[in-house]
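# Model the structure of this input:
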Amino acid sequence: MRTPLSGLVAAAIASLVITTGTSAAPAHAAEEERPDPLLAFNHSWAMLDRETADAIEHSEYLGQFADRRINTGNDGTSTWTGRYLLGKETYLEFFGPGDAPDAVAGDTGLAVSADKDGDLAIATDNLRKLVADPVEFTQVTDLGDGDPIPWFDVTYTTATYDTFFSWAMEYRDEFLDDPRLSFPPAAYEGDVSRDRYNRDRYLDHQMRDVIGIQIATTAEDIEKMVPLWRAAGITIRVLKDGGVLAFDGMTTIRLLPVPAEEAGLRHVIFALNEPAVEPRTETIGNSTLHVGPGAYALWTFDPIEARAATRSQGTGKPLHPAFGG
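Residues are numbered from 1 along each chain as shown. Below is the predicted model of the structure:
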């Protein structure tokens, strides 16, 4: 018996509220009052099967639901083509086989970022207390003239992982201030925010932001990646199954431990700009998007087979679509 649309979305939102502790004090009663985190969810990427990736690119409904962009990036040494759904402060990035160097179906990644210049440096100092020799570098991008410019600074724990990679980032002033890109001016001193980067095109669509995401990956990846979020001041809760819940004040991240061959993106929860007038269910490749009732949407992805492999170049850089080479 299939659960009604309203029941699916209601259950997902209830789970989100309970795990973030936004509905009642007991959820975080044992925890001390914490300041806002230094870094917060920026975006997540996923390598999907070809059918689903193509459906995301061509779905008429999805183009109405979200600010969808098909972009090809170039860092001067490699290129990647992604399908982007952009919100106010957060976004999603999807690839199909062959769209990005070395990644395979089931691979995922997640970035947390600073909204104020200098916060990444503080989080990086915190990380040095938790792990030995975190990796730091500056990612560049080529805007088409063959002269790459700084794009964002990066910190992460290790370049060796199975299926899931997380990194911390801070946009560079040179990038945000480049007149060729037409980003809005800084809203405050040190404004390197997600809001500034994403612009305001989300206002013409239903999707506002990613407020929940579930990713399945190996227990080893969880152990390697989560210290970065702790260093960023993100609230972490370790679950009985070995997974974790992370909460940055708006977005809840759930990492589910599985064998590498079962890894991949599982669920995304969106906040909408306005409550949906009529609930709607849309099949997008091997995924299902439930919009409404209310001002939320739930996107569920069917499990796909992933190759069990360790992602490491041995060069200090991960095999990641946006970190070429």
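
# pLDDT on stretch 176-187, on average?
Mean pLDDT, stretch 176-187: 95.

# Give me the below-cutoff pLDDT ranges for the stretch 51-200 of the chain.
73-78 (pLDDT under 70).

# can you map out the helices along it?
Assigned by DSSP state H, counting those that start in this stretch, the helices in the stretch 51-200 of the chain fall at 60-65, 119-128, 173-176, 194-198.

# what about those helices, which gets the closest to Leu38?
helix 119-128 (4.4 Å; C-beta to C-beta). C-beta coordinates here come from the backbone N, C-alpha and C atoms, glycine included.

# Can you verify my assumption that Asn286 contacts Pro303?
No: using C-beta atoms under 8 Å, Asn286 makes no contact with Pro303, being 9.0 Å away.

# List the residues that contact Lys116.
Applying C-beta atoms under 8 Å, 6 or more residues apart in numbering, we find Lys116 in contact with Tyr188, Gly190, Asp191, Val192, Ser193.

# most centrally placed residue in this protein?
Geometric centre of the chain, nearest residue: Ser44, 2.0 Å, by C-alpha atoms, centre = their mean.

# What count of nearby residues applies to the residue nearest to it when sequence neighbours are not counted?
In space, and not counting its chain neighbours, Ser44 is closest to Leu110: 4.5 Å by C-beta to C-beta, 6 or more residues apart in numbering. For Leu110, the count of nearby residues is 24 (other C-beta atoms under 10 Å).

# cool, Ala168 as well?
28.

# residues contacting it?
39, 111-114, 120, 123-124, 154-156, 228, 231-232.

# Can I get the buried part of the residues you listed as one PyMOL selection?
Listed next is the PyMOL selection for buried residues among those, using 16 or more other C-beta atoms under 10 Å:
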select buried, resi 39+111+112+113+114+120+123+124+154+155+156+228+231+232
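
# From the contacts of Ala168, which land in strands?
Counting by DSSP state E, the contacts of Ala168 place Leu39, Ala111, Val112, Ser113, Ala114, Val154, Thr155, Tyr156 in strands.

# Show me the beta-bridge partners of the first one.
Legend: beta-bridge partners of Leu39 under DSSP bridges are Ala114.

# Please renumber the chain so that the first residue is 6 from this point on.
Right, with 6 as the first residue, what we last looked at is Leu44.

# coming back round to it: using JSON lines, lay out the helices of the stretch 56-205 of the chain together with distance to Ala108.
Listed next are these as JSON lines, based on distance: least, C-beta to C-beta, whole Å:
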{"stretch": "helix 65-70", "distance to Ala108": "22"}
{"stretch": "helix 124-133", "distance to Ala108": "24"}
{"stretch": "helix 178-181", "distance to Ala108": "24"}
{"stretch": "helix 199-203", "distance to Ala108": "23"}
